[in-house]
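> structural data only, the sequence is not supplied:
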């Protein structure tokens, strides 16, 4: 930043003279010599000539001082009036003097308002930084298009407005913006000067930035990447999503500072990055190189001499483009406002230029802090076990200032267990699964959370890493730990950077040790289940077998038990061993059968348990004795040293298996002699070294086929009308059993009718309904099927399939006869399922079985009993009208406006759907509240257009819904408006108003009303009955007053939210005029709500501590001129509305313009209310607050019209129906 303060002013006699000599780069205007004396013009000019000659010498200042000191007699300088708009340069942000072509960086200057005018960053005259200066070249004068213009500038000659909405005299603010380097190499200088747009430029002190652009930036998809560059067959480019320039907090960890792409024909072994900018190497603790979420090396320090960091031994295959990320840990003592960027300096020794990321500025604050620590030091795990705890740690956020977000975690394994044996890792917080990873990347487990986990500040949470162990040896260890701080991606939820982490989870802090014999067998279920008959490959035991040595499984014994009740084995005579088939051992990783199959359990060896309760322990299986079968398989398979076999003992269950209270359990026994052979030692493995040598599965239940039927909760009893189709009449829930699938192929529906309201008979059903349809889960699958004279309808050839344990809803819909109710009264009917034999169902194997009623009794609507679901049939439905709750409210409407929502009529049907064909509306300008027409307002209405909206639906236009008023009446025919059964439809009437040229007259009232029994017609869709009376008139719709234009009042977005006691802005509000015509405002009323917490009575009449009780304290301005108050008269009133007097509190203020203020058509005027609040307390303990509102007719405390305006019809108009009134100001607390 440079300032040029030496000017050559002209002088006249008897002026106060100020001579300024500025040092280069002097930012505080110090070192100036001020001399003042009243002299003749000739003497002054002579002195200035001497001073000018001496100026260029470093001793000139001393010479001029001595000369003028001798010549002048000292006198106090004359005080000049401060200009309205002036500033003092306070300071500026540091920035890099060199940028890559097209790169951007963020800069700012801080200035002080030393003028008398208040600055704003919005409105008609915002204070902005403008491009150009008298000190620039001829092409760089005011308002030139800057060579540093960035895409986020307001325009090419306006970088930015002041940072704050309002800056009063003496306050500080900033111009903060991006500058973008030109695309060609070279040195550039750009000039800027503050400007009040639409008013004046401020003083020109030659503000400029000078930048050196390092290189061209052609074909650039990112501001700083310089495009992809290839040198010696290696291609490097900054990624398009490289982190944007930002301010980072001290002590932040893992901050992404550069993303870049690299491609090379050979393996990338070394990458060197370099820090640039006005920061320091010591601002960074470490930098890291990442491939996605995986850290490639340990952290590297940035050299204080070369500002480089070197990453070696990378071993990256970059034959195709690789995207890498550079992350940094920010030092806790990094220099505030220091700025750095990182660039790719070299790859495999090949140097690149211009591959630089965006600039990061060190902020003044520090990031939140947290601690990671191990949770538990040592525990044992079993070789081959799945879902075992391998790492446990805590995150302590007790020192955090904000909530934290856990995004990713990388932990390393320093244990002796091979990393390839650790699989299927899961990160959990309690039972909450956060992330998974299939295996280790070398020695790292990388977890990336798809949804970040929130760690609330002040809390400590505990986390566990689970995994599967697929191999290893006894005493192998898993030692997880956090290697680098950046490996924990734990960010501050407010600032987004990695937190200041204390790492208390180091290598060796906790150890999980593998235990077990030479061969370890881990039982992995399955849990207790129920298996169906006619099923195959049912797992009964799942085990993981891990071996320290190379072994061959030469034999395996499988024991097969069957139970009838409790723990009692089945006897030989009653058992189903012949129906337990194809027993085998399967490798679950490959699906291959390793052992077996045994055709059926009974083909094995029968065993009589030694604890035979009969006491006949002779070892012979007798028919009456409990027994089990076993099979010693001799099929062989191998298990390599340090690996795990995942095995499953499975069997088929035949269709003929007896299911009642039956259970099956299998046991895998490897303890026999010469079962497992150690190929390394050439010996058989002792049973003691197989842990455990025998593994028992859970007892599984064999279930029977079932289909349970229950009456559904819907449909319920209802009322319909004759000739209605598709009446929901009864519903059932069909549920297949837990062991079988089901398919319903036939269903018989039985019912009865009642024509005399005396008793039901099957013969009367077909007089009420003609046929039925069948629906499954809301979808029609069959029908219509006729109802016969016996009250029966049969659905044949069905295929309703239900999988195991699945439920489906079966519903019967009836079609009501057009002859129903012919006897003059209501008819009734019911439908149901009469017996289990009325449902034909089979299992997955095609075998039939019987359905079961859930309550044990068939036909919830039983014959000759009181039915549950009864349908009543009547001759016709009903339709009634009412005012829709969403009807239009009273409003002013501009003449010529179209589509004004004026009346909404809600039609509600019962028992059948209707079609509305005719509607008659009338105009009621006097708001009489009765259904009578009046033609007094016909001249204002061009047409009335109808539309409709079903309940929950969208608005639908009517092709013949346009009508024209005549004599205060408009009639519509052939409308075709649908009203669904037991639902509602709202008819919407919208008015197209005539213009004043077409006859509309300001001040006239339009209100539409509806006559329910004149001109109305609706036809029932089922009964065909015509209804000409919708029962209820609608006489209270929206009341609209026609105007040439209308005002809209709003609180301005820049209305103040804070303040200090004294004269100041308290409210900004807008008055907008419709585009049809100008409007004039004659007076406006404000309501004051205030506190007097200090008891000074500042807001009370005649109190010496405040002036708010005087009209002089109140003034109104326009934003177009904030220095000149509007001319008019103020009147003040107490909070009870009376004229202010005595010791009453100020409650209202009304302003009457001397000459009514005009708001041009289609424009908005912003008014500013300023009030002197002297005396209000700004002390923290007794701080006062105020609120100023623009009020309308809702306020009845104060009499009179609160807002008076005209639409150029020579009529005073009050605040009635003015949009948005009242307008509530912001609560201002001093």
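Noted; the coordinates are in hand. Since this is a predicted model, take the numbers as computed values, not measurements.

> use CA for all of it now, contacts and neighbours both
Fine.

> which regions of the stretch 301-450 of the chain sit below the pLDDT cut-off?
384 (pLDDT under 70).

> how about the strands in it?
308-311, 322-330, 339-347, 350-351, 360-366, 369-374, 378-382, 388-396, 404-413, 422-429, 432-439, 444-455 (DSSP state E, counting those that start in this stretch).

> any weak-confidence spans in the stretch 601-750 of the chain?
Those would be 610-619, 659-661, 680-681, if you go by pLDDT under 70 across the stretch 601-750 of the chain.

> remind me which helix or strand residue 543 belongs to.
Assessed by DSSP states H and E, residue 543 sits inside strand 535-547.

> note down every partner strand of that strand and its orientation.
strand 519-523 (antiparallel), strand 643-653 (antiparallel) (DSSP bridges).

> closest to residue 479 out of those strands?
Nearest to residue 479, of all the strands paired with strand 535-547, is strand 643-653, at 19.7 Å by CA to CA.

> run through the strands of the stretch 1101-1230 of the chain in chain order.
Under DSSP E, counting those that start in this stretch, the stretch 1101-1230 of the chain gives strands at 1114-1118, 1128-1134, 1146-1159, 1164-1172, 1185-1190, 1203-1206, 1223-1224, 1228-1229.

> report the angle between the fourth one and strand 1146-1159.
The one in question is strand 1164-1172. On the basis of axes from the mean of the first three to the mean of the last three CA atoms, to 10 degrees, strand 1164-1172 is oriented at 150 degrees to strand 1146-1159.

> and strand 1164-1172 with strand 1114-1118, angle?
Using the same axes, to 10 degrees, strand 1164-1172 lies at 150 degrees relative to strand 1114-1118.

> who does strand 1164-1172 touch, helix- and strand-wise?
strand 1063-1073, strand 1114-1118 (3 or more CA pairs under 8 Å, 6 or more residues apart in numbering; DSSP states H and E).

> worst-scoring helix or strand of this structure, pLDDT-wise?
Of all helical and strand segments in the chain, the minimum by mean pLDDT, DSSP states H and E falls on helix 60-71, at a mean of 39.

> next one: residue 955 from residue 881, what distance?
Distance, residue 955 to residue 881, by CA to CA, to the nearest Å: 18 Å.

> over to residue 942?
Distance from residue 942 to residue 881, by CA to CA: 26 Å.

> repeat for residue 263
Distance, residue 263 to residue 881, using CA to CA: 75 Å.

> got the domain boundaries for this structure?
For the chain, the structural domains run 1-80, 87-213, 229-366, 369-515, 519-703, 711-869, 878-1043, 1047-1229, going by automatic domain parsing.

> redo those domains as a markdown table? Include mean neighbour count.
What follows is those, written out as a markdown table (neighbours: other CA atoms under 10 Å):
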| stretch | mean neighbour count |
| --- | --- |
| domain 1-80 | 13 |
| domain 87-213 | 19 |
| domain 229-366 | 20 |
| domain 369-515 | 20 |
| domain 519-703 | 19 |
| domain 711-869 | 19 |
| domain 878-1043 | 20 |
| domain 1047-1229 | 19 |
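
> residues in contact with the residue nearest in space to the middle of the chain?
In the chain, the residue lying closest to the centroid (CA atoms, centre = their mean) is residue 451, at 12.1 Å. Residue 451 sits next to 407, 434 when contact means CA atoms under 8 Å, 6 or more residues apart in numbering.
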